[in-house]
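Peer 1: here you go, sequence then predicted model.
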Amino acid sequence: MRVRHIQSSTVVVESGDTRVLCDPWLLDGAFYGAWAHYPPLEFEPEDFDDVDYIYVSHIHPDHCHAETLERLDSDIPVLIHDYEWDFLRRNIEAAGFDVHEIPHNERVSLGDDLEMNVLASDNCDPEVCGNHFACSWLAEAASTNGGTGGSTQIDSMAVFDDGEHTVVNLNDCRWPMTQHAAMEVSRQYDEIDLLMLQYTFAGSYPQSRLDYSHEELLEAREERRIQSLENAVGFIELFEPRYYMPFAGEYTLSGHLASLNEYVARSTRSQAKAYFEDHDRIDSSVSECLLLNSGESVEVATGEQSAPYTPIDQEARATYAEEVLEGVRFGYEEEPMPDLEAFEDVFPDAYEHFDEKRRAIGFESETEVYLSLVDGTYARFTADGEGYEYVDGLPERNGRQRVRMEMDPRLTLQILKGPRYAHFNNAYIGSHLQFAIEPDVFERALFYSMSFLHA
């Protein structure tokens, strides 16, 4: 078996003549233009039209990138987990592909003795998802299907084996939420030869906090960066792989967001390698960390790499962001600026949907949300059924907790209109959403419920 790293979570798994392209994100501009590759990719989507399968772990656009899919050969079958909801399947089918849903924890043969096993990150246990992560589809599944008979999560892991060697692709699965699924894999497979794992968080924290000083942003960045590395340690300790490779979550912010790169909580892969090798819970005599540059591969049986790893020049990366990426314009920036009437046409239905969903998950809060609309007007609402109102400017805080959310009005309007246009979660991950919380107490269920603030 051989694994070829393209960039971020995009890899090709090969066994004999069978090749599987995993999570193809091959063009800049994921998350409404915000995410770009560095170094710039030297590949085009058409370079991978000779693969036998495409595996897509979940719906986020750095894994299921619509523009990339549009340029791949739609005759290639796409493999996904058989989720409780059909959002991922419908999106891929809309690009013209034949989608094969693989039942949870059920091995399927791909050819040349290569087998694949896909597990939902919550191990198809809704209580696990609810305890560890505000899953964006939990309320949708519960309200429309009368319950959650399958996975309530949006991520999956894939296990590839050829009868002799085993590769685990964790994608964006996180410890401890994925611990139960990982333990199931550890029980089934005697030895893991290569473990590919995420080593950094995706999201807008802390770089999008409006109420943090420069020093607070740097402090929060380091705290979250170390937390993401520490979470990954749990997987390495459990699997004790012969080799492990930090690989997912690499991106550089572009456009008017490029100035936030300084505060993004990401480690370099060299930093991740050093952290893991120095960790007292990882036995370096058992597990070896390896890193691959874009386009390079590793032989799973021996750990032999096609080329030595060359660390990315971080100064060159910063220069590229400043001189090239800052000039990028996002799609919504080409749209005309809406007036307040456009928001008033959609906000009532959006609020009703938000209120319905927050009640479906049993969430109630007096926290005041101030969502910027246009020309200094905000929509003020709470998550306790009080309704909403439009206010001119920000009033003095009245003692209640307050969350202020700022976004380009053109993107805000698209989100309010519905997921066909834009989605709150993608805007949040892409750092388009700037926010302040007073006092600084993060309500995960509130931000989860915001994913349903659309008509």
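Peer 2: Cool, the structure landed.
Peer 1: which stretches of the stretch 101-250 of the chain have low pLDDT?
Peer 2: In the predicted model, the stretch 101-250 of the chain carries pLDDT under 70 at residues 124-153.
Peer 1: what ranges does it have for its strands?
Peer 2: Taking DSSP state E, counting those that start in this stretch, the strands of the stretch 101-250 of the chain run over residues 108-111, 114-120, 156-161, 166-169, 194-198, 243-248.
Peer 1: can you add distance to Lys273 and give these back as TSV?
Peer 2: C-beta here means a position set from N, CA and C on the backbone, and glycine is covered the same way. Putting the strands of the stretch 101-250 of the chain into TSV (distance: least, CB to CB, whole Å) gives the following:
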stretch	distance to Lys273
strand 108-111	31
strand 114-120	26
strand 156-161	21
strand 166-169	18
strand 194-198	12
strand 243-248	7
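Peer 1: let's have those in CSV, adding distance to Glu396 and mean neighbour count.
Peer 2: Below are the strands of the stretch 101-250 of the chain laid out as CSV (distance: least, CB to CB, whole Å; neighbours: other CB atoms under 10 Å):
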stretch, distance to Glu396, mean neighbour count
strand 108-111, 60, 14
strand 114-120, 46, 23
strand 156-161, 47, 24
strand 166-169, 51, 26
strand 194-198, 42, 26
strand 243-248, 44, 25
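Peer 1: which one of these lies nearest to Val99?
Peer 2: Closest of these to Val99 is strand 114-120, at 12.8 Å (criterion: CB to CB).
Peer 1: that closest one versus strand 156-161: what angle between them?
Peer 2: Using axes from the mean of the first three to the mean of the last three CA atoms, to 10 degrees, the direction of strand 114-120 lies 160 degrees away from that of strand 156-161.
Peer 1: before we move on, the earlier item: so which of the strands of the stretch 101-250 of the chain comes closest to Ser228?
Peer 2: strand 194-198 (7.6 Å).
Peer 1: on that earlier part again, which one of the strands of the stretch 101-250 of the chain lies closest to Asp440?
Peer 2: Counting by CB to CB, Asp440 lies closest to strand 194-198 out of these; the figure is 26.1 Å.
Peer 1: contact partners for Pro241?
Peer 2: Residues counted as contacts of Pro241 (CB atoms under 8 Å, 6 or more residues apart in numbering) are Val168, Ile192, Asp193, Leu194, Leu195, Ser287.
Peer 1: 10 Å - rerun?
Peer 2: 166-168, 191-197, 235, 286-289 (CB atoms under 10 Å, 6 or more residues apart in numbering).
Peer 1: which parts of the longest helix anywhere in the chain are buried?
Peer 2: If you go by DSSP state H, the chain has its longest helix at helix 214-239. By 16 or more other CB atoms under 10 Å, the buried positions in helix 214-239 come out as 217, 220-221, 224-225, 228-229, 231-236, 238-239.
Peer 1: assumed Tyr390 was part of a strand.
Peer 2: Yes: Tyr390: assigned to a strand according to DSSP: H, G, I helix; E, B strand; the rest coil.
Peer 1: my guess is it meets Leu373, correct?
Peer 2: Yes: contact status for Tyr390 versus Leu373: in contact at 7.3 Å, counting by CB atoms under 10 Å.
Peer 1: shared neighbours, these two?
Peer 2: Shared contacts of Tyr390 and Leu373, defined by CB under 10 Å, 6+ apart, comprise Leu340, Phe343, Glu344, Phe347, Ala379.
Peer 1: what helix or strand does the second one sit in?
Peer 2: Right, the one you point to is Phe343. Assigned by DSSP states H and E, Phe343 falls within helix 340-360.
Peer 1: pull the number of nearby residues for Arg187.
Peer 2: 8 (other CB atoms under 10 Å).
Peer 1: okay, now the domains of this structure?
Peer 2: 2-326, 333-450 (automatic domain parsing).
Peer 1: most tightly surrounded among those domains?
Peer 2: Counting by mean count of other CB atoms under 10 Å, domain 2-326 has the highest mean neighbour count of the domains of the chain, with a mean of 19.
Peer 1: check the separation of the first and last residues in that one.
Peer 2: Using CA to CA, to the nearest Å, one end of domain 2-326 lies 37 Å from the other.
Peer 1: ok now it, how far from the chain's centre?
Peer 2: 8 Å (CA atoms, centre = their mean, to the nearest Å).
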